[in-house]
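# Pasted the sequence and its predicted model underneath.
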Amino acid sequence: MSKRLNLLVFSGDYDKALAALILANGAKEMNMDVTMFFAFWGLLILRDPAKYTTEDKSFFEKVFGVFTPKRTEALSLSKMNMGGVGQKMLRKMMKEKKKPMLTDFLNGARKKDIKFYGCKLSQEVMGFKKDELIPEVEIIEVDEYLKDALQSDIQLFI
Amino acid sequence: MSKRLNLLVFSGDYDKALAALILANGAKEMNMDVTMFFAFWGLLILRDPAKYTTEDKSFFEKVFGVFTPKRTEALSLSKMNMGGVGQKMLRKMMKEKKKPMLTDFLNGARKKDIKFYGCKLSQEVMGFKKDELIPEVEIIEVDEYLKDALQSDIQLFI
Amino acid sequence: MSKRLNLLVFSGDYDKALAALILANGAKEMNMDVTMFFAFWGLLILRDPAKYTTEDKSFFEKVFGVFTPKRTEALSLSKMNMGGVGQKMLRKMMKEKKKPMLTDFLNGARKKDIKFYGCKLSQEVMGFKKDELIPEVEIIEVDEYLKDALQSDIQLFI
């Protein structure tokens, strides 16, 4: 039976999202089963930039949608972001070394049959509609995350 | 035998505390055994707002006690806190959707026989007296945390 | 057979590095096998302050090397760092209680046969040469981290 990696992606930071997706892609290449459960800020990683809507949203939901990054490549760093300067610098350093970018790792994961879950409570509180997220995401409750985590060999909170 | 969830709660952020306590309550409802070990900033989540004291404290301990939040609902966000504006907005969004607040999840966990441990080293360094924390907390050393973690099916660092 | 602890140290913050190294030292004292895999900001913990070089580095690598802390004791706090004031205060509080400092825990871990791995991708992107890091570090790829984690009893992402 395949070994399983289960990641709870709480963070919506560029660098932590990168860490999560590098682990997910790496595990999949080793024939492990991989589940990613995106909660809170982690949902920002899954926004479909073409699908932003303000329809049926409360005032706070609109504000939240506008003030958070819509594109994966616009997520900020967990440290030394410096209004985006640090983030641009990191991305330039990655390009210099010809490394894939966050979007590449995300698209790799989407093609590789990695399971994407979104946290129902977070989605409701933040006011994201199901179709504002990439279509691969399935929205689940916390008990379904826990069941999956119990069947996994490695569980990490990122 | 019951499955076990072990959480090391290092963070004292409102959003991460929420994640930890949602997981803890959810696991307990699935009849899992749950241990939460609060270290460093995580101890802030366990402060009893009525029990703050400056007695027998060094200058730094007093400063630390005053400059950190005394109430669970006053903890700041790990991201987009914006001097408390972001935190208030998140709490309003939670109320709008009629979701329980952090204090509700904490009180739920206290009633549900979830084991609360506090880290001895952190408690000593930060200068919290045992009775400045909620009475359910038992203060333990790191080796006791590790023993508990070894017997658990899921271990997360939050 | 010995139980195993596997830590993925992503953070380069003083307080989180302290948590990681306290866990590592504590586990080793319980005769557990301990692996620490340092990625991204975590590599900053492993810089050898005497070995900084700008040779063969791109503009961004030089900027990055200069703007990040060179000494372990100069790492910033994940919270309440306040331009270093909070960090100094925490260190004073640790000294007041006669607790070991971060460097002591790091040196303890180096003497105790704890395995130090550095992430190859992070090292390349950040532009650290192998000898700018402490000599105990072995540079590995993510699949080697995952293999080690799969054989461990506790895995944490810090």
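Perfect, thanks for sending it.

# Could you use CA atoms for every contact and neighbour count after this?
Will do.

# how close does the spatially closest residue to A:Thr54 that is not a sequence neighbour get to chain C?
Distances taken as C-alpha to C-alpha, 6 or more residues apart in numbering or on different chains put A:Lys62 closest to A:Thr54, at 5.9 Å, once the chain neighbours are dropped. A:Lys62 is 29 Å from chain C, where distance means C-alpha to the nearest C-alpha, to the nearest Å.

# dump the residue contacts of the nearest residue to A:Lys95 once chain neighbours are set aside.
Spatial nearest neighbour of A:Lys95, excluding adjacent residues (C-alpha to C-alpha, 6+ apart): A:Met101 at 7.7 Å. By C-alpha atoms under 8 Å, 6 or more residues apart in numbering or on different chains, the contact list for A:Met101 reads A:91, A:94-95.

# A:Ala20 contacts A:Asn6, correct?
No - applying C-alpha atoms under 8 Å as the test, A:Ala20 and A:Asn6 come out as separate, 10.2 Å apart.

# Would you mind telling me which of these two has more residues around it?
Counted by other C-alpha atoms under 10 Å in any protein chain shown, A:Ala20 and A:Asn6 do not tie: A:Asn6 has more neighbours, with 24 against 21.

# So what sits opposite the more buried one in the bridge?
With DSSP bridges as the criterion, A:Asn6 is bridged to A:Thr35, A:Gln155.

# Now do it, the pLDDT please.
If you check A:Asn6, the pLDDT there is 98.

# and A:Asn31, how far is that from C:Tyr117?
23 Å (C-alpha to C-alpha, to the nearest Å).

# which one of the two has more residues nearby?
Between A:Asn31 and C:Tyr117, counted using other C-alpha under 10 Å, the more crowded position is C:Tyr117 (22 against 12).

# For the more buried one, what is the enclosing helix or strand?
Element membership for C:Tyr117, per DSSP states H and E: strand C:115-119.

# which residues touch the helix or strand that that strand is followed by?
The first helix or strand that comes after strand C:115-119 along the chain, using DSSP H and E, is helix C:120-126. Helix C:120-126 is contacted from outside by A:90, A:93-94, A:97, C:39-40, C:43, C:61, C:64, C:129, C:139-142, using C-alpha under 8 Å, 6+ apart.

# Please list the residues of chain A that sit near chain C.
By the rule C-alpha under 8 Å from any C-alpha of the partner chain, the part of chain A lying against chain C is A:15, A:22-23, A:26-27, A:30, A:89-90, A:93-94, A:97, A:153-158.

# which ones among those residues are found in strands?
In strands, judged by DSSP state E, the following of the residues of chain A next to chain C are found: A:154-157.

# got the CA coordinates for the lengthiest helix in chain A in CSV?
Secondary structure of chain A per DSSP state H: the longest helix is helix A:14-29. Provided in CSV are the C-alpha atoms of helix A:14-29 (Å, rounded to 0.1, in the frame of the first residue of the first chain):
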residue,chain,number,x,y,z
TYR,A,14,4.3,32.7,-0.6
ASP,A,15,7.2,31.0,1.0
LYS,A,16,5.1,28.6,3.1
ALA,A,17,2.9,27.8,0.1
LEU,A,18,6.0,27.0,-1.8
ALA,A,19,7.2,24.7,1.0
ALA,A,20,3.9,22.9,1.1
LEU,A,21,3.7,22.4,-2.7
ILE,A,22,7.3,21.3,-3.0
LEU,A,23,6.7,18.6,-0.3
ALA,A,24,3.4,17.6,-2.1
ASN,A,25,5.0,17.3,-5.5
GLY,A,26,8.0,15.5,-4.1
ALA,A,27,5.9,13.0,-2.2
LYS,A,28,3.8,12.3,-5.3
GLU,A,29,6.9,11.6,-7.3
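
# which helices and strands does the helix or strand of chain A with the lowest mean pLDDT pack with?
When the helices and strands of chain A are scored by mean pLDDT, DSSP states H and E, helix A:59-67 comes last with a mean of 92. Judged by 3 or more C-alpha pairs under 8 Å, 6 or more residues apart in numbering or on different chains; DSSP states H and E, the packing partners of helix A:59-67 are helix B:85-96.

# Kindly recompute the last result at 10 Å.
Contact analysis of helix A:59-67 by 3 or more C-alpha pairs under 10 Å, 6 or more residues apart in numbering or on different chains; DSSP states H and E lists helix A:120-126, helix B:85-96 as its packing neighbours.

# Low-confidence regions, chain A specifically.
In the prediction, chain A carries no residues with pLDDT under 70.

# Check it and tell me which residue is nearest its centre.
Nearest residue to the geometric centre of chain A (C-alpha atoms, centre = their mean): A:Ile45, 3.6 Å.

# That one touches A:Glu73, doesn't it?
Yes - between A:Ile45 and A:Glu73 a contact is recorded at 9.0 Å, counting by C-alpha atoms under 10 Å.

# intersection of neighbour lists for the two?
Overlap of the contact sets of A:Ile45 and A:Glu73 (by C-alpha atoms under 10 Å, 6 or more residues apart in numbering or on different chains) consists of A:14, A:102-103.

# Looking at those residues, which is nearest chain B?
Nearest to chain B out of these is A:Tyr14 (C-alpha to the nearest C-alpha; 12.7 Å).

# Quick check: the gap between that closest one and A:Leu75.
Here the criterion is C-alpha to C-alpha. By it, A:Tyr14 lies 5 Å from A:Leu75.

# which residues does A:Lys98 contact?
So A:Lys98 contacts A:92, C:125 (C-alpha under 10 Å, 6+ apart).

# And it, its phi and psi?
phi 60, psi 40 (degrees, to the nearest 10).

# follow-up on the earlier one: just the buried ones from the contacts of A:Met101?
Among those, those buried by neighbour count (16 or more other C-alpha atoms under 10 Å in any protein chain shown) are A:91, A:94.

# What is the nearest of the contacts of A:Met101 to chain C?
Nearest to chain C among those, with distances taken as C-alpha to the nearest C-alpha, is A:Met94, at 5.6 Å.

# List the residues that contact the closest one.
A:88, A:100-102, C:121-122, C:124-126.

# Looking at these, which one is closest to chain B?
Proximity of those to chain B (C-alpha to the nearest C-alpha) peaks at A:Lys88, which lies at 18.9 Å.

# thinking that closest one is in contact with A:Ser76, fair?
Yes - with contact defined as C-alpha under 10 Å, A:Lys88 counts as touching A:Ser76 (9.3 Å).

# what is in contact with these two at once?
A:Met82.

# Looking at those two, which has the bigger crowd around it?
A:Ser76 (23 against 17).
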